[in-house]
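Q: have a look at this prediction, sequence included:
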Amino acid sequence: MSCRADEIAKLDKKISDLREYDKICKQRKEHLNNTTQIIDEILSEGSGTICTANGGLPPEDRRKLYYDHIFLVA
């Protein structure tokens with residue numbers, strides 16, 4: 001093959017690789033957008049179900065348990 005044909009083949013390969021990379025990036029972006037939308041929906045509910053350390057209780061109920069415990073001990 002000639003030098004020019006080699007360059008064309010390399011450029012075609014690079015274009016093909018970049019198209020594949022672009023496709024993957026678009027899929028990742030869509031996945032991140034979907035994840036962001038799900039997180040926004042959960043946060044807008046304000047249910048407190050994300051935090052499972054306190055049994056998934058809403059923040060006001062977690063505070064109530066904490067303060068009730070302090071008053072019982074004191």
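A: Sure, I can see it.

Q: helices and strands of this protein: which one bottoms out on pLDDT?
A: Using mean pLDDT, DSSP states H and E, helix 59-73 stands out as the lowest-scoring helix or strand of the chain, at a mean of 52.

Q: ok, and what's touching stretch 24-31?
A: Around stretch 24-31, nothing counts as a contact under CB atoms under 8 Å, 6 or more residues apart in numbering. C-beta coordinates here come from the backbone N, C-alpha and C atoms, glycine included.

Q: just the strands in the chain please.
A: In the chain, no strands are found when defined by DSSP state E.

Q: poorly predicted segments of it, please.
A: The chain contains residues with pLDDT under 70 at 1, 46-74.

Q: and if we set it to 90?
A: For the chain, the stretches with pLDDT under 90 are 1-2, 36-74.

Q: the longest helix in it is where?
A: If you go by DSSP state H, the chain has its longest helix at helix 3-45.

Q: tell me the contacts of Thr35?
A: Per CB under 8 Å, 6+ apart, neighbours of Thr35: none.

Q: how far away is it from Lys29?
A: Distance of Thr35 to Lys29, computed by CB to CB, to the nearest Å: 11 Å.
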